[in-house]
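[1] need coordinates for the below:
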Amino acid sequence: MTVVTARRHADRQRTKRAATNAGADASTLDVRLVARSIAQAAVEVLAGTRSVLQLSRSLDAQSFLSLQHRAALTREHASRTRGSLQVHRSPMVRSVRACAISDSIYEVSIVVSEEQRSRAIAMRLEHSDGTWQVTALEIG
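    A predicted model of the protein is given here:
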């Protein structure tokens, strides 16, 4: 195989991958945008810069209670370890990957970077009554 042939093969592979990524349907894009905003809001809840009540419509009861409990534990730990409040920068969502389980169920993985660390977030989104709702949420 010559260098030119290898280069053409690599170019074709890149074109195929780009076409596959560009061809993502509207529902996958919608799920990714919803997951992105919920993940960022959840990390802000844990940081203490957002109220967990703002996510009450987006999370099912179990996920909501779990996030609320973890935020309370985080606040309690922070009050014991830090003397004063530190300025908090907003987290940045670095990547969002969505996998369709069915037409109305997606599992999504998200990487969120904060000032000193990055977190992995996994969530399951289910579509019902015209809205996406998180039915499982794991924050690393």
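[2] where's the residue nearest to residue 66 when sequence neighbours are not counted, which helix or strand?
    Nearest residue to residue 66 in three dimensions, chain neighbours excluded: residue 137, at 6.8 Å (Cβ to Cβ, 6 or more residues apart in numbering). Where you see a C-beta, it was placed from the backbone N, CA and C, and this is true even at glycine. Assigned by DSSP states H and E, residue 137 belongs to strand 131-139.
[3] still on that earlier bit, quick check: the residue nearest to residue 66 touching residue 63?
    Yes - assessed by Cβ atoms under 8 Å, residue 137 is found in contact with residue 63 at 4.5 Å.
[4] thinking again about what came up before, partner residues bridging the residue nearest to residue 66?
    On the basis of DSSP bridges, residue 137 is bridged to residue 123.
[5] that one: how many residues sit nearby?
    23 (other Cβ atoms under 10 Å).
[6] contacts for stretch 45-65, please.
    Residues from elsewhere that reach stretch 45-65 (Cβ atoms under 8 Å, 6 or more residues apart in numbering): 34, 38, 41-42, 44, 67-68, 70-71, 74-75, 78, 88, 90-91, 114, 131-137, 139.
[7] okay, that stretch in PDB with CA atoms only?
    Extracted in PDB, the C-alpha atoms of stretch 45-65 (Å, rounded to 0.1, in the frame of the first residue of the first chain):
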ATOM      1  CA  VAL A  45     -26.500  22.200  43.400                       C
ATOM      2  CA  LEU A  46     -23.600  20.200  44.900                       C
ATOM      3  CA  ALA A  47     -21.400  23.300  45.000                       C
ATOM      4  CA  GLY A  48     -24.100  25.200  46.800                       C
ATOM      5  CA  THR A  49     -24.700  27.800  44.100                       C
ATOM      6  CA  ARG A  50     -28.100  26.600  43.000                       C
ATOM      7  CA  SER A  51     -31.200  25.400  44.800                       C
ATOM      8  CA  VAL A  52     -32.100  21.800  44.300                       C
ATOM      9  CA  LEU A  53     -35.800  22.900  43.900                       C
ATOM     10  CA  GLN A  54     -34.900  24.200  40.500                       C
ATOM     11  CA  LEU A  55     -34.500  20.600  39.300                       C
ATOM     12  CA  SER A  56     -37.700  19.300  40.800                       C
ATOM     13  CA  ARG A  57     -39.400  19.100  37.400                       C
ATOM     14  CA  SER A  58     -36.500  17.500  35.700                       C
ATOM     15  CA  LEU A  59     -35.800  14.700  38.200                       C
ATOM     16  CA  ASP A  60     -38.000  11.900  39.400                       C
ATOM     17  CA  ALA A  61     -38.700  11.600  43.100                       C
ATOM     18  CA  GLN A  62     -35.900   9.200  43.900                       C
ATOM     19  CA  SER A  63     -33.200  11.100  42.000                       C
ATOM     20  CA  PHE A  64     -34.400  14.400  43.500                       C
ATOM     21  CA  LEU A  65     -34.200  13.100  47.100                       C
END
